[in-house]
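# build me a model from this:
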Amino acid sequence: MKDFKHALLVMDKHDYPADAREVIIRANEKIIADEKANKIYESMYRAYWKNKKNFHTFSDKTKALAELIDENVYTVNLVLLINCTKPLKAAYKKAGISEDIYWNSILDLKVKMLECKENFDVYGTFVEGWFMSFYTLERFGLGRFQYDLSDFGEEFYDDNGVFIKDSEFCLGMHIPSHLAPLTYEVRMDSYKKAFEMFKDRFGGKYIVICCNSWLLYPDNLNILPENSNAADFILDFEPLDIRRTYDFGDCWRIFGQNKSCLRPAELQRDTSMQRAFAEWFDQGKKAGSAYSMIIFDGEKIVTRRTREEMREQYGY
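Next up, the predicted model:
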């Protein structure tokens, strides 16, 4: 690495916190100043960007580099990822994908950095393996949501004039934290962007979006306040596979790392969502997740239901 000018541009563009900028700049400067550190970094860069090998294949190098420059390995992960956004920008241009989508997509680096700070008090990322699909142009940020090139995960679906079978192409949706509230207007904006980008893959009439998330568990309609955006979001989807879980693995997304949903009395209740889930657990009830789908025709959400329709069809 000779410089990290593009990393500075990314941090400016996405308004990284001042203390995060300080950590990232310091780590870059240490790598450049140390010949051995720079050599390790370059081998990581070749493995990740040029050879498209994910972090687990060179984790020994990330650990060695972190130790050499006396920085957390999560910070080293983030430094590599941010610096790789420079050649990624050129790849977007070559593929004819708009620069707006590029900037929207790499915003996820900041999102995951803030989650790392909240959970481990470190500016970096602990989900480094997650990002590869952005760098292979298989996942894109389009408005509030991210979409990747995915396969349908059920045996088949035949409703609303749409037939789709197992392993057929669909869009996978991901719901980043720390971004705009999930208002209906914000959601529609994202669906329309996805429709414009991918409609030809579906024949131009509609797009199929699938998502597996704790946010889509239908019982959340009973957990969350009726007027919450997160509750209304559920109504955009048709649930295909609903799972109640006794080991709520996504608990950290609500309460933070190392918080046990098995002890409701100990859960923090600082936000409305935390209070809603803590009170639900107080009653001895469980959370869950759902694999659900949206059919969107460019103007309307074909799969959208009212609360009454959801209750009548699914009992929630």
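# need the nearest residue in space to Asp159, chain neighbours excluded.
Glu238 (7.7 Å; C-beta to C-beta, 6 or more residues apart in numbering). C-betas here are computed from N, CA, C, even on glycine.
# residues in contact with the one you found?
159, 292-295, 303, 305 (C-beta atoms under 8 Å, 6 or more residues apart in numbering).
# show me what it bridges to in the sheet.
Met293 (DSSP bridges).
# how close does it sit to Tyr123?
39 Å (C-beta to C-beta, to the nearest Å).
# before we move on, back to that, and which of the contacts of Glu238 is nearest Glu312?
Set against Glu312, the nearest of the contacts of Glu238 by C-beta to C-beta is Arg305 (9.2 Å).
# now that closest one. Its backbone dihedrals?
phi -130, psi 160 (degrees, to the nearest 10).
# the longest helix anywhere in the chain - contacts with which helices or strands?
Criterion DSSP state H: the longest helix present in the chain is helix 99-120. Helices and strands touching helix 99-120, by 3 or more C-beta pairs under 8 Å, 6 or more residues apart in numbering; DSSP states H and E, are helix 5-13, helix 73-83, helix 85-95, helix 132-135, strand 139-142.
# of all the ones you listed, which lies closest to Gly256?
Of the helices and strands packed on helix 99-120, nearest to Gly256 by C-beta to C-beta is helix 73-83, at 15.9 Å.
# packing partners of the closest one?
Using 3+ C-beta pairs under 8 Å, 6+ apart, helix 73-83 sits against helix 5-13, helix 18-33, helix 35-45, helix 59-69, helix 99-120.
# quick one: the strands in the stretch 201-316 of the chain?
207-213, 238-245, 287-296 (DSSP state E, counting those that start in this stretch).
# strand 207-213 and the last one, what's the angle between them?
Looking back up the chat, that one is strand 287-296. Orientation check (axes from the mean of the first three to the mean of the last three C-alpha atoms, to 10 degrees): strand 287-296 against strand 207-213 gives 170 degrees.
# circling back to that earlier point, what's the closest of the contacts of Glu238 to Arg201?
The closest of those, once distances to Arg201 are taken by C-beta to C-beta, is Ile295, at 14.0 Å.
# okay but that closest one is in contact with Phe237, surely?
No: between Ile295 and Phe237 no contact is recorded; they are 9.7 Å apart, counting by C-beta atoms under 8 Å.
# shared neighbours, these two?
Thr303.
# grab the CA positions of the longest helix of the chain and hand them over as CSV.
Provided in CSV are the C-alpha atoms of helix 99-120 (Å, rounded to 0.1, in the frame of the first residue of the first chain):
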residue,chain,number,x,y,z
GLU,A,99,-21.8,5.4,-9.0
ASP,A,100,-24.8,6.1,-6.8
ILE,A,101,-25.3,2.4,-6.3
TYR,A,102,-21.6,2.0,-5.6
TRP,A,103,-21.7,4.5,-2.8
ASN,A,104,-25.0,3.1,-1.4
SER,A,105,-23.5,-0.4,-1.4
ILE,A,106,-20.2,0.4,0.4
LEU,A,107,-22.2,2.2,3.1
ASP,A,108,-22.5,-1.3,4.7
LEU,A,109,-18.9,-0.9,5.8
LYS,A,110,-19.9,1.9,8.1
VAL,A,111,-23.0,0.0,9.3
LYS,A,112,-21.0,-3.1,10.3
MET,A,113,-18.3,-0.9,11.8
LEU,A,114,-20.9,0.7,14.1
GLU,A,115,-22.2,-2.7,15.1
CYS,A,116,-18.6,-3.7,15.9
LYS,A,117,-18.2,-0.7,18.1
GLU,A,118,-21.4,-1.3,19.9
ASN,A,119,-20.7,-5.0,20.5
PHE,A,120,-16.9,-5.1,21.1
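# and it, what's buried?
In terms of neighbour count (16 or more other C-beta atoms under 10 Å), helix 99-120 has its buried residues at 101-117, 119.
# kindly report the same for stretch 188-200.
Neighbour count says stretch 188-200 has 188-191, 193-195, 197-199 buried, by 16+ other C-beta under 10 Å.
# tell me which of these is nearest to Gln313?
Tyr191 (22.0 Å).
# wait, that closest one sits on Phe296?
Yes: counting by C-beta under 8 Å, Phe296 is a contact partner of Tyr191 at 4.7 Å.
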